[in-house]
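1. I would like to see how this sequence folds:
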Amino acid sequence: MQVVLYKNVAGLGKRGEVVEVSDGYARNKLLRSGEAVEATPKAVLQAKTMQRNREIADVHNLENAQKMAEQLATRQLQAKSKAGPDGRLFGSVTAADIAKLVAEETGTAVDRRSVILSEPIKSVGVREVTLKLHSEVEAILHLEVVAE
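-> Okay, the predicted model is just below:
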């Protein structure tokens with residue numbers, strides 16, 4: 001059965017695509033949850049419009065991500081946290097803290113899931129943190145953690 005996706009479905013496709021799935025999966029999962037509709041001629045025309053709009057939005061988002069990456073490359077942000085005399089933090093600086101700091105400094109909201117940290121930062125010092133701003137754009141953020 002052919003369906004038009006109304007939402008992005010992992011492993012299947014993106015919004016606006018016409019995909020072939022089994023009848024049972026379409027009826028029991030996709031159609032019931034509102035993630036897709038049956039591929040009628042009218043729905044296929046809507047799908048083409050959705051794809052065009054998605055492509056325009058993707059280009060716009062890519063441009064914004066590139067501008068933000070350039071802006072972040074020239075700056076060094078400073079995170080303040082309580083620390084002991086040996087430089088170890090009493091808490092830690094997490095991805096959510098970094099996302100909030102970037103949003104305050106740049107005025108652009110960043111999702112905490114786009115901040116790539118192998119583990120929370122638990123000591124003072126300068127770090128390079130990677131931000132995945134778009135599927136094609138990663139920015140390196142210079143972060144200085146200082147004691148309050």
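2. domains for this structure, by residue range?
-> Domains of the chain are assigned by automatic domain parsing as 2-62, 75-147.
3. strands paired with the one helix or strand L133 maps to, and their directions?
-> Applying DSSP states H and E as the criterion places L133 in strand 125-134. Next to strand 125-134 in the sheet, as set by DSSP bridges, lie strand 115-116 (antiparallel), strand 137-147 (antiparallel).
4. Pull out the buried residues from the last one.
-> Within strand 137-147, the residues that qualify as buried by neighbour count (16 or more other Cβ atoms under 10 Å) are 137, 139, 141, 143, 145. (Glycine included, C-beta is placed from N, CA and C.)
5. Also stretch 35-46?
-> 35-37, 39, 43.
6. want to throw these into JSON lines with distance to A95, secondary structure and pLDDT?
-> Below are the buried residues of stretch 35-46 laid out as JSON lines (distance: Cβ to Cβ, whole Å; DSSP: H, G, I helix; E, B strand; the rest coil; pLDDT from 0 to 100):
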{"residue": "E35", "distance to A95": "29", "secondary structure": "coil", "pLDDT": "93"}
{"residue": "A36", "distance to A95": "33", "secondary structure": "strand", "pLDDT": "93"}
{"residue": "V37", "distance to A95": "37", "secondary structure": "strand", "pLDDT": "93"}
{"residue": "A39", "distance to A95": "40", "secondary structure": "coil", "pLDDT": "92"}
{"residue": "A43", "distance to A95": "39", "secondary structure": "helix", "pLDDT": "90"}
